[in-house]
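Novice: sequence unknown, structure follows:
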């Protein structure tokens with residue numbers, strides 16, 4: 001896997017585009033930038049695999065990725081079929097990030113697989129240095145945790161709506 005720690009193509013000002021760093025000053029963004037590792041991934045590479053443990057949040061700085069999840073179907077009595085279902089595509093222009101739950105939970109397991117569709121550059125924010133930075137600079141830590149909580153609340157709300165749609169569709173299908 002090609003790796004690069006060079007930060008010549010992007011800088012801390014790029015972090016301001018990501019909602020997870022909303023409200024941070026240029027000095028705080030520079031401190032976060034110091035602990036971010038840049039890594040390049042070729043097309044088709046799995047960045048995170050559903051079910052694996054993880055301790056890293058990923059910032060998509062360049063490229064495009066696809067998020068998928070394994071779906072298990074009962075195809076016959078006692079027989080199951082598991083397939084990956086593409087759920088979302090994310091492009092760097094949207095300043096997406098993923099893996100935020102890994103920063104908060106020591107026993108976290110990835111809930112989806114993320115694979116590159118093109119050459120990608122990602123910023124990796126690992127739990128241990130991130131938490132150390134949050135302890136050193138509590139106002140930065142507050143902003144980061146508030147923004148992560150906001151993201152998780154938004155994603156939970158969407159998941160609840162998706163579950164409601166699925167259970168409604170399933171209930172209607174069972175009536176027929």
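Specialist: On my side now, so go ahead. On a predicted model such as this, the values are computed, not experimentally measured, just so you know. Residues are numbered from 1 along each chain as shown.

Novice: for residue 88, see how far away residue 161 is.
Specialist: Taking Cβ to Cβ, to the nearest Å as the measure, residue 161 and residue 88 are separated by 15 Å. Backbone N, C-alpha and C define where each C-beta goes, glycine included.

Novice: the more surrounded of those two?
Specialist: The residue with more neighbours, out of residue 161 and residue 88, is residue 88; 13 against 10, by other Cβ atoms under 10 Å.

Novice: doesn't residue 66 make contact with that one?
Specialist: Yes: Residue 88 lies in contact with residue 66 (Cβ atoms under 8 Å); the separation is 7.3 Å.

Novice: mind listing the helices for this structure?
Specialist: Here the chain has its helices, by DSSP state H, at 26-35, 101-104, 127-136, 138-175.

Novice: list phi and psi for the residue nearest to residue 111 when sequence neighbours are not counted.
Specialist: Computed as Cβ to Cβ, 6 or more residues apart in numbering, the closest residue to residue 111 that is not its neighbour in sequence is residue 50, at 6.6 Å. With angles defined as degrees, to the nearest 10, residue 50 sits at phi -50, psi 130.

Novice: residue 50 against residue 113, yeah?
Specialist: Yes: proximity of residue 50 to residue 113 meets the contact threshold set by Cβ under 8 Å, at 4.6 Å.

Novice: shared neighbours, the two?
Specialist: Shared contacts of residue 50 and residue 113 (Cβ atoms under 8 Å, 6 or more residues apart in numbering): 68-70.

Novice: contacting residues around residue 70?
Specialist: By Cβ under 8 Å, 6+ apart, the residues touching residue 70 are 50, 82-85, 113.

Novice: JSON lines please, covering the helices of the chain and showing distance to residue 77.
Specialist: Below are the helices of the chain laid out as JSON lines (distance: least, Cβ to Cβ, whole Å):
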{"stretch": "helix 26-35", "distance to residue 77": "52"}
{"stretch": "helix 101-104", "distance to residue 77": "36"}
{"stretch": "helix 127-136", "distance to residue 77": "43"}
{"stretch": "helix 138-175", "distance to residue 77": "18"}
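
Novice: can I get the ones you listed in a markdown table with distance to residue 13 and mean pLDDT?
Specialist: What follows is these, written out as a markdown table (distance: least, Cβ to Cβ, whole Å; pLDDT from 0 to 100):
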| stretch | distance to residue 13 | mean pLDDT |
| --- | --- | --- |
| helix 26-35 | 7 | 96 |
| helix 101-104 | 22 | 88 |
| helix 127-136 | 18 | 96 |
| helix 138-175 | 16 | 90 |
